[in-house]
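> the following comprises the amino acid sequence and a computationally predicted model.
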Amino acid sequence: MKRALALVVIVIMIGLSIASPNFATADNLAIVARIIALNSIIAMGMTLVILLGGIDLSVGSVVALASVVLGYVLVRMGMPIWVSILAGS
């Protein structure tokens, strides 16, 4: 099963590389790695909550609200980044 999933991912990557020459560049792969890292952190937190018996489906909404608050405090209010992170958390 694990090999089949890895094979599907490799086939998709090859197909995307053929379809778009910018897909397999170092910059694009770094962007994809950053996005995967954020989703992985959220997934690990959700896994812990589910394992402890408290199913919480509001994680996506909380992350979205925190992002909006962080962006608002940073851009509209002109606060430093550390203040924005504290406001968004």
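In hand now; what should we look at?

> now do the same for residue 21: helix, strand or coil?
coil (DSSP: H, G, I helix; E, B strand; the rest coil).

> please renumber the chain so that the first residue is 15 from this point on.
Done: numbering now begins at 15, and the last item shifts to residue 35.

> what is the neighbour count of it?
8 (other C-beta atoms under 10 Å). (Glycine included, C-beta is placed from N, CA and C.)

> look up how far residue 42 lies from it.
Computed as C-beta to C-beta, to the nearest Å, the residue 35 to residue 42 distance reads 10 Å.

> how about residue 73?
27 Å.

> next one: residue 103
As judged by C-beta to C-beta, residue 103 and residue 42 stand 29 Å apart.

> repeat for residue 24
From residue 24 to residue 42 the distance is 17 Å (C-beta to C-beta).

> out of those two, which sits in the more crowded spot?
More crowded of residue 24 and residue 42, by other C-beta under 10 Å: residue 42, with 13 against 10.
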